[in-house]
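Novice: fold the following for me, if possible:
(chains A and B)
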There are 2 protein chains.
Amino acid sequence: MTGRGTTTSVESLLNRRYRLLGKGSPLFYDKPLHIVRGEGVWLYDAEGRRYLDAYNNVPHVGHSHPRVVEAISRQAATLNIHTRYLHENILEYGERLISTFDPPLSMAMFACTGSEANDVAMQMARLCTGNKGFIATDFAYHGNTTAVWTVSSFFTAREDRLPYVQTVPAPDSYRVRAAFSDRNLGDAYARTVQDAVDALHADGIGVAGIIFDTIYSSEGLPDVPQDYVRKAIDIVRSAGGLYVADEVQPGFGRMGDHMWGYQHYGVVPDIVTLGKPMGNGHPISAIIAREELVEAFTGKKMYFNTFGGNPVSCAAALAVLDIIEDDGLVAHAREVGDYVQRGLRELKHKHQLIGDVRGRGLFFGAELVRDRKTLEPATAEARQVVNAMRDRGVLISKIGMHDNILKMRPPMPFSTEHADLLLSTLDECLAGT
Amino acid sequence: MTGRGTTTSVESLLNRRYRLLGKGSPLFYDKPLHIVRGEGVWLYDAEGRRYLDAYNNVPHVGHSHPRVVEAISRQAATLNIHTRYLHENILEYGERLISTFDPPLSMAMFACTGSEANDVAMQMARLCTGNKGFIATDFAYHGNTTAVWTVSSFFTAREDRLPYVQTVPAPDSYRVRAAFSDRNLGDAYARTVQDAVDALHADGIGVAGIIFDTIYSSEGLPDVPQDYVRKAIDIVRSAGGLYVADEVQPGFGRMGDHMWGYQHYGVVPDIVTLGKPMGNGHPISAIIAREELVEAFTGKKMYFNTFGGNPVSCAAALAVLDIIEDDGLVAHAREVGDYVQRGLRELKHKHQLIGDVRGRGLFFGAELVRDRKTLEPATAEARQVVNAMRDRGVLISKIGMHDNILKMRPPMPFSTEHADLLLSTLDECLAGT
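Specialist: Sure thing, here's the model as predicted:
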């Protein structure tokens, strides 16, 4: 795509971008990056400068992984077609994928994006329960379709969610709701789920389900009270609803303790949705569910996704699974994740700005506060740190209801040496804030 | 993906498929095909038998086109990342794409599937007009998200569409509504759009837009009265709504007369949606709209699609545009399309079963009827013909509210020799019905 006379200056690209995509198309950093190449955990800009990628989870097994590229290239040169003909790839991949889930999760449907997967999950829950109401956490993000947007309360005003969606506070042991401080936290947060069920019922709306990102990514990786998830799900199931586990960000071993985030809580969802890292950047997503849910849904509604589960997508996704297994990436995520957590806790001792260090496996959050007693969010400082890290060649981002939580979520081959660079650069940037 | 000990027998694949995907996952033909390779307009099954593909529009420039495969392979080996960094591919492709549209259509948003594109189009129309009501034709299909499903009346019961969606009859000069037969057809069908507007207003619902597939693919390629589309759009715009042109099936030159189906009617839409053939099977879709609509939408709502517009998708899509231009595929679609139309009309003279021959460019429909006076739909016969064609090595399908219209929509490199094989095989199969 080079040599066509395009200029590569950032300013020129920005102008073309504003003209073509508009000013509302989101960009990272005060000084946007012009990235041209990726390899492993490294990204390279047009001037050849390299950046340690401590943000992107989509290139799960590393940028431009040769085994994934090879799988895509070979299959694209052979056949790329929809699933109304028989093909081995969807079966071989699907069976391998299902074997990583807990019974009775036994069936798969394929789509292209996490948004599509969550939209299907909501349709399935609504059609199978006969109810319309959904419960989601405050400040969640589950995707961008019309329906999924209603449970993406991170962005949605309360009046745009009603009457079918009720939100509950993200379960948080650090920034605890004042009213909960003297109670068993798990019970207190679970009580809000019961309140949401009651509010739906008061409006004459039945409960179709509750949707949780299994590490509450957009909520800022809150430190979840141990017994909360199980209790919340019990309440929803008692009301006739289903538990949809959104594994789009936490899934595929990133949490280090298990392949799937829900397994950490000792529960089994009714429906699980997968996306982002599944094909290492190739657009593929999935809905995993119990047999009777899939059969009831596809029996009542004709669902077909033109690109979903095609041979190229499945070849890419199978290569990703192979690499996770062959390279022992789940155990690796735990080991390196623990190493980074220790480093972040050391930085917390050194820098008052770090109020809390959270996360699991290769997904870390550091909440910045101006005062460790009042927990006043250090929102401007978080922005400063993220941009200073970028200037020093390390890519991270920020998240949470106050936009003050550093979000770090590198490709899985991230090693302890990469961690050292992340931590030492963060140390410098915090010192300069 | 071979050599892993999977058996390739159709029965074994079917059993594995039922177990993994359920019985509701749609399959073509009474005897499903196990396709393993594609090249140009040909598909090959596991036993090496070849089939002329006269159905699939997604492999727009031909199955496994080497230029598209090369573009995907090269870019996947270099960088595949989301659009929150700057990259040339999205700009170069987007600018080339926009240059094929009529002003004032000047901006693009990217997603992965036609369903996502239509969902965004509905969100944009609703947010920009402040209204919620949509109008769609009977028996339309625009995709599978919760919102888009409400305008996919092909599958949706009337009670699932209300109150925000009103449907109008697909404009049809062949199977004309009895009440319209003595009137100017364009006016009569346009009047149903006014009725839909009035029905929305009676329910206190404003008009956000009307959505039309520009060749009414799922409605069975009806022979549209000349002045209908312009009049329908005028009515919707007078009511404050927007015109969304769904080019997911007709777009990218397939119609032969123009690059986009809407251009046939001498109108310019407010929003255009693209999908299926855009990346020759790689999942990429787009929303094209006027500047003020994109700016208003992305200014009010954070829209981000993780895979949409990534460098690999845009490299694939740019290769498709290059091939369309370099190989003169739009003119080719017109020439070969006219050739096939002549052949189908000859078959109509010979076989009473063909009641009507329709379509434009490389998209043909032949409506099968038991009686040319009563127009009794030959639904069972259509199924017989489609399966007999498959047995003789030519792949087509069927469509329409009575499932009696043969649907033929081959990859664009389809030549007159391929057409001869399609027509002679169809002749044989009709003779045997």
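Novice: and the contacts of stretch A:416-432?
Specialist: Residues from elsewhere that reach stretch A:416-432, judged by C-beta atoms under 8 Å, 6 or more residues apart in numbering or on different chains: A:41, A:52, A:54, A:336, A:339-340, A:343-344, A:346-347, A:350-351, A:353-354, A:366, A:384-385, A:388-389, A:392-394, A:396, A:406, A:408, A:410. Using the backbone N, CA and C atoms, a C-beta is placed for each residue, glycine as well.
Novice: 6 Å instead?
Specialist: With contacts defined as C-beta atoms under 6 Å, 6 or more residues apart in numbering or on different chains, stretch A:416-432 is touched by A:41, A:52, A:54, A:336, A:339-340, A:343, A:347, A:351, A:353, A:385, A:388-389, A:392, A:394.
Novice: now, among those, which is nearest to residue A:65?
Specialist: residue A:41 (11.1 Å; C-beta to C-beta).
Novice: what does the closest one show for phi and psi?
Specialist: Main-chain dihedrals, residue A:41, degrees, to the nearest 10: phi -100, psi 10.
Novice: that one touches residue A:409, doesn't it?
Specialist: No. Residue A:41 lies out of contact with residue A:409 (C-beta atoms under 6 Å); the separation is 11.7 Å.
Novice: ok, these two, which is more surrounded?
Specialist: Using other C-beta atoms under 10 Å in any protein chain shown as the criterion, residue A:41 and residue A:409 rank with residue A:409 on top: 27 against 24.
Novice: from what I can see the more buried one touches residue A:361, true?
Specialist: No. Look at residue A:409 against residue A:361 with C-beta under 6 Å: they stay out of range, at 9.6 Å.
Novice: ok so, going back, what's the most distant pair in the contacts of stretch A:416-432?
Specialist: Largest pairwise distance in the contacts of stretch A:416-432, by C-beta to C-beta, is 25.7 Å, between A:41 and A:353.
Novice: check contacts around the closest residue to chain B within the stretch 201-350 of chain A.
Specialist: At 2.5 Å from chain B, residue A:298 is the closest residue in the stretch 201-350 of chain A, using C-beta to the nearest C-beta. Residue A:298 makes contacts with B:22, B:24, as judged by C-beta under 6 Å, 6+ apart.
Novice: give the buried residues for the helix or strand hosting it.
Specialist: Following DSSP states H and E, the helix or strand that holds residue A:298 is helix A:291-300. Using 16 or more other C-beta atoms under 10 Å in any protein chain shown as the test for burial, helix A:291-300 gives A:293, A:294, A:295, A:296, A:297, A:298.
Novice: could I have it exported to PDB, CA atoms only?
Specialist: The C-alpha coordinates for helix A:291-300 follow below in PDB (Å, rounded to 0.1, in the frame of the first residue of the first chain):
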ATOM      1  CA  GLU A 291     -27.700 -27.100  23.800                       C
ATOM      2  CA  GLU A 292     -31.400 -26.400  24.600                       C
ATOM      3  CA  LEU A 293     -30.800 -22.600  24.300                       C
ATOM      4  CA  VAL A 294     -29.100 -22.800  20.900                       C
ATOM      5  CA  GLU A 295     -31.700 -25.300  19.600                       C
ATOM      6  CA  ALA A 296     -34.600 -23.200  20.900                       C
ATOM      7  CA  PHE A 297     -33.200 -20.000  19.400                       C
ATOM      8  CA  THR A 298     -32.200 -21.300  16.000                       C
ATOM      9  CA  GLY A 299     -35.400 -23.300  15.900                       C
ATOM     10  CA  LYS A 300     -37.500 -20.200  16.300                       C
END
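Novice: what is the subsequent helix or strand relative to that helix?
Specialist: That would be, after helix A:291-300 and using DSSP H and E, helix A:311-326.
Novice: pretty sure residue A:329 contacts residue A:412?
Specialist: Yes. Under the criterion of C-beta under 6 Å, residue A:329 makes contact with residue A:412 at 4.6 Å.
Novice: so who does residue A:79 touch?
Specialist: Contacts for residue A:79 were tallied using C-beta under 6 Å, 6+ apart; they are A:311, B:37, B:38.
Novice: of these, keep whichever come out buried.
Specialist: A:311, B:37, B:38.
Novice: so what strands line up beside the helix or strand where the second one lies?
Specialist: Secondary structure assigned from DSSP H and E places residue B:37 in strand B:35-39. Here strand B:35-39 is paired, per DSSP bridges, with strand B:42-45 (antiparallel).
Novice: could you look up the next helix or strand downstream of the strand it pairs with?
Specialist: As assigned by DSSP H and E, the chain's next helix or strand after strand B:42-45 is strand B:50-53.
Novice: can you name the element that comes right after that next one?
Specialist: helix B:66-78.
Novice: show me what counts as buried in that next one.
Specialist: Across helix B:66-78, burial judged by 16+ other C-beta under 10 Å covers B:67, B:68, B:69, B:71, B:72, B:73, B:75, B:76, B:77, B:78.
Novice: near chain A too, which of those?
Specialist: With C-beta under 6 Å from any C-beta of the partner chain as the criterion, the buried residues of helix B:66-78 include B:69, B:72, B:73, B:76, B:77, B:78 near chain A.
Novice: the closest residue to residue A:309 other than its chain neighbours: what secondary structure?
Specialist: Spatially, and ignoring its direct neighbours in sequence, residue A:309 is nearest to residue A:110 (3.2 Å; C-beta to C-beta, 6 or more residues apart in numbering or on different chains). Classification of residue A:110 using DSSP: H, G, I helix; E, B strand; the rest coil returns strand.
Novice: residue A:110 and residue B:274: what is the separation?
Specialist: Using C-beta to C-beta, to the nearest Å, we find residue A:110 at a distance of 22 Å from residue B:274.
Novice: the two: who's more crowded?
Specialist: residue A:110 (28 against 25).
Novice: CA atoms of stretch A:355-363 as CSV?
Specialist: Extracted as CSV, the C-alpha positions of stretch A:355-363 are listed here (Å, rounded to 0.1, in the frame of the first residue of the first chain):
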residue,chain,number,x,y,z
GLY,A,355,-4.3,4.5,45.1
ASP,A,356,-4.9,0.9,44.1
VAL,A,357,-3.4,-1.8,42.0
ARG,A,358,-5.8,-4.4,40.5
GLY,A,359,-6.3,-7.0,37.8
ARG,A,360,-5.5,-10.6,37.2
GLY,A,361,-3.1,-12.3,34.8
LEU,A,362,-2.1,-10.0,31.9
PHE,A,363,-4.8,-7.4,32.6
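Novice: which element is residue A:32 on?
Specialist: With DSSP H and E as criterion, residue A:32 is part of no helix or strand.
Novice: residues in contact with it?
Specialist: residue B:86.
Novice: any idea how far residue B:140 is from it?
Specialist: Per C-beta to C-beta, residue A:32 is found 40 Å from residue B:140.
Novice: where does chain A have low pLDDT?
Specialist: Scanning chain A for pLDDT under 70 picks out A:1-8.
Novice: ok, now with 90
Specialist: A:1-9, A:153-163, A:173, A:175-183, A:223, A:226, A:300-302, A:401, A:432-433 (pLDDT under 90).
Novice: domains in it, by residue range?
Specialist: A:10-61+A:328-431, A:67-326 (automatic domain parsing).
Novice: in JSON lines, list those domains along with distance to residue B:147.
Specialist: Formatted as JSON lines, the domains of chain A follow (distance: least, C-beta to C-beta, whole Å):
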{"stretch": "domain A:10-61+A:328-431", "distance to residue B:147": "20"}
{"stretch": "domain A:67-326", "distance to residue B:147": "4"}
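Novice: just the strands in the stretch 51-200 of chain A please.
Specialist: All strands of the stretch 51-200 of chain A, identified by DSSP state E, counting those that start in this stretch, fall at A:105-111, A:133-137, A:165-168.
Novice: how far away from the center of its chain is the first one?
Specialist: Just to be clear, that refers to strand A:105-111. Here strand A:105-111 is found 19 Å from its chain centre; the criterion is C-alpha atoms, centre = their mean, to the nearest Å.
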